[in-house]
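*Asks:* Give me a model of this one.
(one chain, ligands or ions: 1)
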Amino acid sequence: MEKFNQTTVKYFIITGISESPILQAPIFLLVLLLYLVTLGGNMIIVLLICLDHHLHTPMYYFLCNLSVLDFCCSTVTLHRILSTFVTGERAISYLTCIAHMYFFGSFICDELLFLTAMSYDRYVAICNPLRYTQVMNGGVCLLLSIVCWILGFLEMIPFIVLISRFTCYKSNIINHFFCDTVEVFKLSCSDTSIFNIVLVTEGLILLCLLPFLLKCISYVFIISTIMKIRSNFGRRKAFYTCSSHITVVILLYATLCYQYQRPSTTDGLDYNKLFSLFNTAALPILNPMIYSFKNKDVKSAFRRQCKYLITHAACNWHLSFKV
Ligand SMILES: *[C@@H]1O[C@H](CO)[C@@H](O)[C@H](O)[C@H]1NC(C)=O
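*Replies:* Next up is the predicted model:
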């Protein structure tokens, strides 16, 4: 195979989900639909949490941040499919590709950190309810979310610095629908030993295992506290909120692990890409659904805001009618 080096790799070619011309339109429509649903669902949540003062609690603030992150994640990954269909342009400049990797990685790190913060929030709320308002006050909550955002963006810097120093590439064709770090890494023929070390130490231990352990500890405490609750009603309510959190955490980690370990097939319409699509497009839709639309507080806030909107609209209409 022809070897490229950095002077020739000024751009990468993104193959997309499938190269078959017949499939382009259906894929575009499917992705557009997924994207619009993600945008709509997450925007409703952000709006509800901002507008409804019943939802001005740490848990919902974190959820609001999570929705913004979900939206950012799917924008980074899906906009390429949409724009390629419209413009027909498959090439992406080297720097844009690096930027994609950086932002996508950072958003995922942020998401893992926010889920950890949420598990801590639930831990305090359930295991230490009397001190909850004192421990999770506005300042702490704001500080936690700022730390999550900044840490997520810092954590990706070593990877990006190392990747941008790769000078040799086997090819410049990325068999994916966005600039996936793993795919670019596979294309490189530079010495990747340092990258591997960083990947295992920072990536696996610091970014994945540590937050995962923290979440596990929180949930173990939470579950053992829930077991001790005497009243059936209280137990069910506590369990109900936590089960949705645990579902989201498990889903995210399971998909990340699978993604990271998947075998590297390179041709045809492979299931890996479809899985990746599920991972990057469907999970951001599932998150708000699992967290919010199953949640009684959110549902009643939704009803309240709708009612408010309708009465306001009716009033305005009535007024303008009079004038
Ligand atoms: C993130 O959370 C903080 C507090 O925890 C909140 O003040 C802020 O509005 C949230 N930001 C977004 C974009 O949701």
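*Asks:* Next, the buried residues of the helix or strand encompassing residue 140.
*Replies:* Using DSSP states H and E, residue 140 maps to helix 138-155. Buried residues in helix 138-155, counted by 16 or more other C-beta atoms under 10 Å: 141, 144-145, 148-149, 152-153, 155. Heads up, the C-betas are built off the backbone N, CA and C, glycines and all.
*Asks:* can you put those in a markdown table and add pLDDT and distance to the ligand?
*Replies:* Output for those, formatted as a markdown table (pLDDT from 0 to 100; distance: C-beta to the nearest ligand atom, whole Å):
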| residue | pLDDT | distance to the ligand |
| --- | --- | --- |
| 141 | 92 | 4 |
| 144 | 93 | 6 |
| 145 | 94 | 4 |
| 148 | 93 | 9 |
| 149 | 95 | 8 |
| 152 | 91 | 13 |
| 153 | 93 | 14 |
| 155 | 89 | 19 |
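*Asks:* Can you pull out the residues in contact with stretch 50-61?
*Replies:* Residues outside stretch 50-61 that contact it (C-beta atoms under 8 Å, 6 or more residues apart in numbering): 48-49, 64, 118, 121-122, 125, 136, 141, 145, 297-298, 300-301, 304-305.
*Asks:* Among the residues you listed, which lie within strands?
*Replies:* Assigned to strands by DSSP state E, none of the contacts of stretch 50-61 qualify.
*Asks:* now, among those residues, which is nearest to residue 218?
*Replies:* The shortest approach to residue 218 among these belongs to residue 122, at 6.7 Å (C-beta to C-beta).
*Asks:* tally of neighbours for the closest one?
*Replies:* By other C-beta atoms under 10 Å, 23 other residues sit near residue 122.
*Asks:* show me what contacts it?
*Replies:* Residue 122 makes contact with 59, 218, 222, 241-242, 245 under the criterion C-beta under 8 Å, 6+ apart.
*Asks:* The same query, at a cut-off of 10 Å, please.
*Replies:* The contact partners of residue 122, taken as C-beta atoms under 10 Å, 6 or more residues apart in numbering, are 58-59, 62, 215, 218-219, 221-222, 238, 241-242, 245-246.
*Asks:* What of residue 98?
*Replies:* Residue 98 neighbours (C-beta under 10 Å, 6+ apart): 12, 160-161, 163-164, 179, 181, 184.
*Asks:* Pull out the buried members of the residues you listed.
*Replies:* Neighbour-count burial (16+ other C-beta under 10 Å) applied to the contacts of residue 98 gives 12, 160, 163, 179, 181, 184.
*Asks:* Tell me which of the residues you listed fall in helices.
*Replies:* Among the buried ones among the contacts of residue 98, DSSP state H puts 160, 163, 181, 184 in helices.
*Asks:* Out of those, which comes closest to residue 191?
*Replies:* Looking across these and measuring by C-beta to C-beta, the closest to residue 191 is residue 163, at 12.7 Å.
*Asks:* The closest one reaches residue 195, doesn't it?
*Replies:* Yes. With contacts counted by C-beta atoms under 10 Å, residue 163 reaches residue 195, the gap being 7.1 Å.
*Asks:* Touching both of those two, which residues are there?
*Replies:* Contact criterion C-beta under 10 Å, 6+ apart; residues shared by residue 163 and residue 195: 181, 185, 188.
*Asks:* Now the last one: closest residue in space, sequence neighbours ignored.
*Replies:* Pointing back at residue 188 there. residue 166 (4.4 Å; C-beta to C-beta, 6 or more residues apart in numbering).
*Asks:* List the residues that contact the one you found.
*Replies:* Residues in contact with residue 166 (C-beta under 10 Å, 6+ apart) are 5-6, 9, 184-185, 187-192, 195.
*Asks:* For it, what are phi and psi?
*Replies:* Main-chain dihedrals, residue 166, degrees, to the nearest 10: phi -60, psi 130.
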